[in-house]
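Enquirer: need a structure here:
(4 chains)
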Protein chains: 2
Amino acid sequence: MVRRVTLADVSRAAGVGMATVSRALAAQDHPDVNPATRERIRQIAKELGYRPSATARALRSGGYRALSAVVPDQTWGWWEPVIRGAFRVATQEGYQLLVHPIAGIQGGAAAVIEGLANVPTEGVMVFGSADDVAVRDAAERYNLPTVMIDDFAANVVLPTISADNRSGARTAVEHLISQGRRRIAILLAWEGSDYTDKRLAGYFDALDAAGIARDERLIIRCDDAEDESIPTWPRLDQVLEDDVEFDGLFCIADLLAAPALRSLRAGGRSVPRDVSVVGFDDERAAQLLDPPLTSIRQPYDSMGERAVHLLLRSIGGEQIPPSRVELPTKLIVRASSSHAIGERLAPKKTKASPTSR
Amino acid sequence: MVRRVTLADVSRAAGVGMATVSRALAAQDHPDVNPATRERIRQIAKELGYRPSATARALRSGGYRALSAVVPDQTWGWWEPVIRGAFRVATQEGYQLLVHPIAGIQGGAAAVIEGLANVPTEGVMVFGSADDVAVRDAAERYNLPTVMIDDFAANVVLPTISADNRSGARTAVEHLISQGRRRIAILLAWEGSDYTDKRLAGYFDALDAAGIARDERLIIRCDDAEDESIPTWPRLDQVLEDDVEFDGLFCIADLLAAPALRSLRAGGRSVPRDVSVVGFDDERAAQLLDPPLTSIRQPYDSMGERAVHLLLRSIGGEQIPPSRVELPTKLIVRASSSHAIGERLAPKKTKASPTSR
DNA sequence: TTGTATGCGTTATCAT
DNA sequence: ATGATAACGCATACAA
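Expert: Model prediction:
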């Protein structure tokens, strides 16, 4: 309620017309105003603590171009590079990009969208939501063009952008095979979500194509994948203890790989010598692990770009059918899967004596 | 440019007055409208693809309450929990919180603030910026209340929130001392930034208080701290090779700890048996490391909360002097520094080595 | 170069 | 229960 000082106030104080004030205060120097007056007016405006009303300005100049992104608060990090890509394109198209964290809002993404009714935004991209339908309903209430990014829902009711999880997983496993691995385990979590299904399917694709028999014992489930502080995966520990033989491990998410690496080390397996490990997502932590984790990088940038483009088309009046756009992933090879890199990284590992070389 | 359908359009199509339409479309069911008409109007509005103009709505109903956060794109992650805290308070106070990534914008934070002139926002918090002065100037141009969060600048020109880096560092080192460590090294980077200075000072504080002599050889500098893919820290490797004796390591950022742990392992040192390691920041990756990293958690939540409160006071017209508010940190003990935890984590390490070697 | 007046799309106040 | 109309704060077309 402190938005008191208006153009009119300044105009009165300066003893000039509103138009002059408006011109004097314009962002890029307006030609039709006496430099002296401009300075004087700016001075007065400043003294008065005048702040332009972005609202009025936007209203007057035909809406103010902004897009919204609703981001989750569970797994932080992965959506950040997507925002970056989206941001770039949006800026380029003359749009602002507003980011709205869900951050424990009752009702999740849908509720945030309801709140968007009072935010001047023309379209919204929703990250990693499961309640697709609720989101769509909320968006429809306000005729708000909406795009989903990486939602878990098995069947889409809105245009959805995601990585090509199936072929990405296939690439990961094929990489393991190319390293001479034949007994390849998979570490699973979040079953029922679309991406888990797809990544599991990709795993099978690769095995089948290589003529490697599937083995139920090598499908390992993480019990409490939400607990990021878990030291090791009990099921994996069990497999190691039972001496079920395997020489490759595909973790369907980088997040699962950290405890897995600890399990392997605790179980006396050296990575990558005894077991090659590949993750999925290539999140920031991947290269911080020891050894640095080979992973499948999601096309974060393009996901953001595509989302914005789709949104803009939708804003432009085009009807975008609900379908899943799957963008290609990329294999990032690091030491956890590659002997060559692995050796180079830890040359002194077996020596265990400080004074080598 | 598709904002064609307005209240007037709907009113015309429905053959009723604008006021009725407005009432029918109101968020919480307006009492003064016939339920039948309401339904009819809503139907028509939907068919027409009517979307209320948040701008006009905000203009009419006296500004729309929003705060902005300008976040960096370099180090992703750390600001996220701060946003969460800020978001909670903002929501509670009836404010929207808009997040604006810098994401490669020419001119950095200051430029983003310039762009904010067209965004209906009442105050802005800027994360981790170095160009304090530019930010202040930009903010002043628009009389935009501004708060900095964790800026690097050595002297503040705006109210600034940060963690108490000095006492946090002291706590970290005291923890090492409490573990029986006496020869404690520090791993440094970004010298000249305020937080590095403070953390180094805290390190000295702890040593001095414990009567441990400072040793130049134990002050280790990371050369290219920006390169997150670096396998190990060359300077640290050198120290290890030279057999400079130390049994504790304080990394002034978690980020530095990952390569450090690899250096130690490559150098044949066991963590925490031979060397106890503590980081700073407690970012997500900390507990993914092997061993999980003891760290100093910044009070992210409260930082966000304080920022919002400060901003609201400033918006309320109060004059907030430029000063640094330092919030207390918290020691999070994990396996990298504690024998007890370390043992518990890797019980089989020495026992079961079926295939390796 | 400056001033006056109009309208952007809503909601609120008054009539009806 | 509904309709007409006046603001909200600004930018501009037009007049001076």
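Enquirer: now do the buried residues in stretch A:12-21.
Expert: Buried residues in stretch A:12-21, counted by 16 or more other CB atoms under 10 Å in any protein chain shown: A:A13, A:A14, A:V16, A:T20, A:V21. The way it works is simple: take the backbone N, C-alpha and C, and place the C-beta from them, glycine included.
Enquirer: wait, what's in contact with the third one?
Expert: If I follow you right, that is A:V16. Residues near A:V16 by CB atoms under 8 Å, 6 or more residues apart in numbering or on different chains: A:T37, A:I41.
Enquirer: what residues are up against the most centrally placed residue in chain A?
Expert: In chain A, the centroid-proximal residue (CA atoms, centre = their mean) is A:W79; its distance is 1.8 Å. With contact set as CB under 8 Å, 6+ apart, A:W79 has these partners: A:A69, A:V71, A:P72, A:F127, A:G128, A:I149.
Enquirer: ranges for the helices of chain A?
Expert: A:7-14, A:18-25, A:35-48, A:54-60, A:79-92, A:108-115, A:132-141, A:165-178, A:194-209, A:234-241, A:254-266, A:300-315, A:339-345 (DSSP state H).
Enquirer: reformat the ones you listed as a markdown table; add mean pLDDT and distance to A:D215.
Expert: Converted to a markdown table, these look like this (pLDDT from 0 to 100; distance: least, CB to CB, whole Å):
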| stretch | mean pLDDT | distance to A:D215 |
| --- | --- | --- |
| helix A:7-14 | 89 | 74 |
| helix A:18-25 | 89 | 72 |
| helix A:35-48 | 87 | 74 |
| helix A:54-60 | 85 | 61 |
| helix A:79-92 | 88 | 35 |
| helix A:108-115 | 83 | 39 |
| helix A:132-141 | 85 | 35 |
| helix A:165-178 | 98 | 13 |
| helix A:194-209 | 96 | 9 |
| helix A:234-241 | 96 | 11 |
| helix A:254-266 | 94 | 18 |
| helix A:300-315 | 94 | 33 |
| helix A:339-345 | 60 | 24 |
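Enquirer: okay if I get those helices as TSV plus distance to B:G192?
Expert: Output for the helices of chain A, formatted as TSV (distance: least, CB to CB, whole Å):
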stretch	distance to B:G192
helix A:7-14	42
helix A:18-25	38
helix A:35-48	34
helix A:54-60	37
helix A:79-92	27
helix A:108-115	40
helix A:132-141	46
helix A:165-178	42
helix A:194-209	44
helix A:234-241	45
helix A:254-266	33
helix A:300-315	32
helix A:339-345	31
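Enquirer: is it true that A:R23 touches A:D29?
Expert: No - counting by CB atoms under 8 Å, A:R23 stays clear of A:D29, with 9.2 Å between them.
Enquirer: residues that sit against both of these two, list them.
Expert: With CB under 8 Å, 6+ apart as the test, A:R23 and A:D29 both reach A:R38.
Enquirer: neighbour count winner among those two?
Expert: Ranked by neighbour count (other CB atoms under 10 Å in any protein chain shown), A:R23 and A:D29 place A:R23 first, with 19 against 10.
Enquirer: and the more buried one, how far from chain B?
Expert: Between A:R23 and chain B the computed distance is 16 Å (CB to the nearest CB, to the nearest Å).
Enquirer: ok, now A:D281?
Expert: 13 Å.
Enquirer: then A:L289?
Expert: 7 Å.
Enquirer: about what we covered before: highest neighbour count among the contacts of A:W79?
Expert: Going by other CB under 10 Å, A:A69 tops the contacts of A:W79 with 29 neighbours.
Enquirer: which residues sit in contact with that one?
Expert: A:W79, A:I83, A:A86, A:L97, A:L98, A:V99, A:H100, A:V124, A:M125, A:V126, A:F127 are the contacts of A:A69 under CB under 8 Å, 6+ apart.
Enquirer: bridging residues for it?
Expert: Listed beta-bridge partners, A:A69: A:V99, A:M125 (assigned using DSSP bridges).
Enquirer: so for it, what's the pLDDT?
Expert: In this model, A:A69 is scored at 92, pLDDT.
Enquirer: pick out the residue of the stretch 251-357 of chain A closest to DNA strand C.
Expert: Nearest residue of the stretch 251-357 of chain A to DNA strand C: A:I315, at 15.0 Å (CB to the nearest atom of the strand).
Enquirer: for that residue, give its distance to A:A90.
Expert: Using CB to CB, to the nearest Å, A:I315 is found at 12 Å from A:A90.
Enquirer: comparing the two, which residue is more hemmed in?
Expert: A:A90 (27 against 18).
Enquirer: relative to DNA strand D, how far out is that one?
Expert: 22 Å (CB to the nearest atom of the strand, to the nearest Å).
Enquirer: skipping adjacent residues, who's closest to that residue in space?
Expert: A:L97 (4.3 Å; CB to CB, 6 or more residues apart in numbering or on different chains).
Enquirer: list the contacts of A:A225.
Expert: A:A189, A:W190, A:A253, A:L255, A:L256.
Enquirer: what's the nearest residue to the second one if we skip its chain neighbours?
Expert: Same thing as A:W190. A:T196 (4.9 Å).
Enquirer: surely that neighbour is in contact with A:L188?
Expert: Yes - in this structure, A:T196 is within contact of A:L188 by CB under 8 Å, at 6.5 Å.
Enquirer: common neighbours of those two, please.
Expert: A:I252.
Enquirer: neighbour-wise, which of these two wins?
Expert: A:L188 (21 against 18).
Enquirer: any figure for the gap between the closest residue to the more buried one other than its chain neighbours and chain B?
Expert: Distance criterion CB to CB, 6+ apart; nearest residue to A:L188, sequence neighbours excluded, is A:R221 at 5.0 Å. Here the distance between A:R221 and chain B works out to 20 Å (CB to the nearest CB).
Enquirer: who's in contact with A:R221?
Expert: Taking CB under 8 Å, 6+ apart as the test, what A:R221 contacts is A:L188, A:A189, A:E191, A:R235.
Enquirer: right, and the first one touches A:L218 too?
Expert: No - look at A:L188 against A:L218 with CB under 8 Å: they stay out of range, at 10.7 Å.
Enquirer: show me which residues of the stretch 151-300 of chain A sit near chain B.
Expert: Residues of the stretch 151-300 of chain A lying close to chain B (CB under 8 Å from any CB of the partner chain) are A:228-229, A:231, A:241, A:243, A:255, A:258, A:261-262, A:265-270, A:273-274, A:284-285, A:287-290, A:292.
Enquirer: let's see that with 6 Å instead.
Expert: By CB under 6 Å from any CB of the partner chain, the part of the stretch 151-300 of chain A that sits against chain B consists of A:S229, A:P231, A:A258, A:R262, A:A266, A:G268, A:S270, A:D274, A:A285, A:Q287, A:L288, A:D290.
Enquirer: so how far is chain B from the nearest residue to A:D151 once chain neighbours are set aside?
Expert: Excluding the flanking residues, the one nearest A:D151 by CB to CB, 6+ apart is A:S129, at 5.1 Å. A:S129 sits 17 Å away from chain B, going by CB to the nearest CB.
Enquirer: mind checking how far A:V278 is from A:S295?
Expert: Distance from A:V278 to A:S295, by CB to CB: 7 Å.
Enquirer: save the residues of the stretch 151-300 of chain A next to chain B as CSV, and put in neighbour count too.
Expert: CSV is the format used below for these (neighbours: other CB atoms under 10 Å in any protein chain shown):
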residue, neighbour count
A:S229, 10
A:P231, 22
A:A258, 28
A:R262, 26
A:A266, 21
A:G268, 18
A:S270, 18
A:D274, 15
A:A285, 25
A:Q287, 22
A:L288, 26
A:D290, 24
